[in-house]
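J.: mind looking at a prediction? Sequence and model below.
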Amino acid sequence: MANWVLQGLRTGIKTSSYPNRLDASPGISPGRPRGAQFGSSTEADELVQCCPTEAIVAQNGGVAVEYSRCIHCMRCSEDGEQPAVPWDQSYEWGAIAPNVPAAIRRLNRAFGRSLHIRFVDAGACSACVSEARQLNNPYYNMHRLGFFMTPTPRNADVLLVSGPVSDAMKLPLRKTYEAMPDPKRVLAIGACAISGGVFGPSFAAAGGVSEILPVDVMVPGCPPPPLAILHGLLVLVERKRPLELVSLPSNQEKG
Amino acid sequence: MAMLEPVVEQKPKAESFFDLCRRTWDRRVLLTQATEEICRITCNARQLPELWQWLTRDLEFSFATLLVDEIEGDSWSFSYLFYRERSPWVYVEFPLEGRQVAVPSVVGLYKGPAADWHEREVEDLFGITFEGHPRLGEFILHEDWPEGVNPMRRGFDARHSPVHRDPDPQWQPPTVVEAVGAFAMPVGPVFSDFAESAHFLLETVGEDVIRTIPRLFYKYRGVEKIAEKQAIDRALLLAERFSGTSAFAHGLGFCQAVESTCGLDVPARAKTLRCVFAELERLRHHAAVITGICNSTALAIATSQAALIEEDLLRLSCEVTGHRYLFGLVRPGGLYRDLSERLITTLEKSLESIARRLDELHASLRYSSSFLDRLEEVGTVGPERARSYGLVGPIARASGLASDLRKLFPYAAYDSVDFEVARAEEGDGYARLRIFFFEAQQSVSIMRQILSEMPSGAISNPAFRAGAGAALGVVEAPQGAALHWVRIGEDGTVARYRITSPGFTNWHGFHLAAENFAFQDFPIILASFGLSNAECDR
């Protein structure tokens, strides 16, 4: 007979120190590229060329990175092909969606420490789904922060959506949203849910959740690591400061 | 057919497949042996059922995939692919002309069910009818998709969604409730947990479920269509990202196909590292499936232990490759990233502890009778049905079919590693769990063998230039056989990309395991398959 309790106790506490303190365990996040200034414009041009999704754009003699389109192909990272942009090891990636009225945003504190989440997979590649699933593992354990999954949209405060919204998921996504009581918020995770990523817009995908529903918070990344999704949830309830969806050439302090 | 059998039985091994084929089919079909590995049989559509029977039943070939390619303006190339141990890949091909074309269905033949979903897919996406197929119609494209619009046709504009039909408020899923007093219980496509989108109709009389009717393809993103006319490095992004949890395997399959079209050599170190990354992915994938199985039986501490292993593997992947899901590693001609000596040491050390923890978990699970009760004799697929449906990967190996493309057609550096192909006979949930554990340990063993003797040198062949041609790339993805067939056009872009994923193959057989069971076992059966919808739906 296996002694599970003993095994559990022997494992000890594994919970991440985030959000109280930053967690810097190796491999916790792939990091992401950052905007930078370059001495010559040729270097910037080469970087713009090497990005297959036009996430890197030339700006003021340097490059800016549009996270809504960055799909973590790693081609601009240092171990990939030259040249490289600076790469930071952050995971606080949650950003307020464009065009969300400030008045609506202020309501967020009302959700406080008990936020009920409904998840819809709107055509994700399943890496985002897998990362979201990790939020329940002992490392991240989102329950400790008052975030819960709910078995019905009627009890949900937040709709967590991943994927570019495939054709057949448009209706289920809309119906889930309509079934949720007000006030409600939508959190889009992953590059696909923000811009369609590599999939869309096309005949089979809408090209982002905001094509179907009003999105409040976006977490870029391909896929965003669990702590980035957690940061997005914390931004939603105003327990963390949001970041921008663009990293400008001069924004050296961001990260 | 009967007249053929004595010929086959006389001396099945003494002559090559090509000679046997010529002797049996001479002057009735056109035979070409393109290379050692490929044999083409060009016939006409009417001869297909006879050839199908000959290959699958008499010669024990397995059906791999159906390749449909609209060359230009209503001229079609149709190929059925077959494979077996120590034989060339067999392409049975026939040309078709015109729009109103029909092909004889093979679903009623021996091993015919393996082609069932392929025929339904082709009918849905290309508008080609299969004569004698019992269930054509709404499959990948759901009910509001306009009638007669076939997105894989050349003339279809992939950038825009056609005007859809209004949803019919009276619409009901096509169900036939067979048992007295039974009703159909819908489950999905949105679930209460972090689950992928899929819909199931469970025909039930209350507690017992009689059968399950899955309805998938909610996640169809038209990957094969949107890859067309894309440059190779851009299409590679799609190959990696249509199924994020087996990204490296599919990226590798695509790259191997591209490499075959232009005869590009891959340096020895890259080949070896490809095996390392493929096994790292398999290990993480299997750890995730094991977590899912523990979770489905509500064994909380085991779930936590397995989830810790899974997350540690994600972190390890990120530490050594820069990405938690191994995106951005593989490229035509080699790899984007190397492993330094320091990272090799990190990897070796971590694998040792992962292997030990997996062993401990497996041992504890084996002695938890409440857990075993939930898995044993639950969701059983027998060997005959598994063979008939052409199931692949760990699911097939749990049902007595020991087929593994790493052994059958050793790619990358698999010819130089020593490993065993897992196999169990029972075909139930517990057999699948054991296979996942065994394969995870084998992956560790393969990686440790390779890492101790890494060849030095370059990790990429810079000579890559896309040229016109078509080829098949085969890999054993974590879920089983994955076939990537690519035709590159004169301009160096993708002209046709066909992905046959293990998710597609195995989801087709899922309903076999979900018959006559107790309602509460449904999540367990689902978890014990560990299938990805993204991989199936594409």
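T.: Arrived safely. Numbering: from 1, shown residues only, chains lettered A, B, ... in the order given.

J.: how is chain A partitioned into domains?
T.: Per automatic domain parsing, the structural domains of chain A span A:32-90, A:95-236.

J.: so which of those is the most surrounded?
T.: domain A:95-236 (a mean of 22; mean count of other Cβ atoms under 10 Å in any protein chain shown). C-beta coordinates here come from the backbone N, C-alpha and C atoms, glycine included.

J.: thinking again about what came up before, how about the domains of chain A in a markdown table, adding mean pLDDT and distance to chain B?
T.: Below are the domains of chain A laid out as a markdown table (pLDDT from 0 to 100; distance: least, Cβ to the nearest Cβ, whole Å):
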| stretch | mean pLDDT | distance to chain B |
| --- | --- | --- |
| domain A:32-90 | 83 | 3 |
| domain A:95-236 | 90 | 3 |
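
J.: just the buried residues of stretch B:512-519, please?
T.: For stretch B:512-519, a neighbour-count test (16 or more other Cβ atoms under 10 Å in any protein chain shown) marks B:512, B:513, B:514, B:517 as buried.

J.: just those residues: which are in helices?
T.: Counted as lying in helices by DSSP state H, out of the buried residues of stretch B:512-519, are B:512, B:513.

J.: what pLDDT does residue B:185 get?
T.: With respect to pLDDT, residue B:185 has a value of 85.

J.: kindly report the same for residue B:524.
T.: pLDDT, residue B:524: 93.

J.: got a pLDDT number for the nearest residue to it once chain neighbours are set aside?
T.: Distances taken as Cβ to Cβ, 6 or more residues apart in numbering or on different chains place residue B:296 nearest to residue B:524, at 4.6 Å, with adjacent residues excluded. pLDDT recorded at residue B:296 is 92.

J.: what's the neighbour count on residue B:296?
T.: By the criterion of other Cβ atoms under 10 Å in any protein chain shown, residue B:296 has 21 neighbours.

J.: quick check, it in contact with residue B:523.
T.: Yes. If you go by Cβ atoms under 8 Å, residue B:296 and residue B:523 touch, sitting 4.4 Å apart.

J.: show me where the stretch 351-500 of chain B has its helices.
T.: B:369-375, B:383-388, B:393-398, B:405-408, B:429-452 (DSSP state H, counting those that start in this stretch).

J.: which one of these is the most hemmed in?
T.: Scoring the helices of the stretch 351-500 of chain B by mean count of other Cβ under 10 Å, the most buried comes out as helix B:393-398, with a mean of 29.

J.: now do that one: which elements does it pack against?
T.: Counting contacts by 3 or more Cβ pairs under 8 Å, 6 or more residues apart in numbering or on different chains; DSSP states H and E, helix B:393-398 is packed against helix B:429-452, strand B:480-488, helix B:502-513.

J.: ok, now which ones touch residue 41?
T.: Here I'm looking at chain A. Counting by Cβ atoms under 8 Å, 6 or more residues apart in numbering or on different chains, residue A:41 touches A:58, A:61.

J.: actually it's chain B I care about, not the one you picked
T.: Contacts of residue B:41 by Cβ under 8 Å, 6+ apart are B:21, B:25, B:29, B:30, B:31, B:51, B:90, B:91, B:92, B:93.

J.: leaving out the residues flanking it, which one is nearest to the third one?
T.: Leaving aside its chain neighbours, residue B:29 sits nearest to residue B:43 (4.4 Å; criterion: Cβ to Cβ, 6+ apart).

J.: isn't that neighbour right up against residue B:51?
T.: Yes. The pair residue B:43 and residue B:51 qualifies as a contact (Cβ under 8 Å) at a distance of 6.1 Å.
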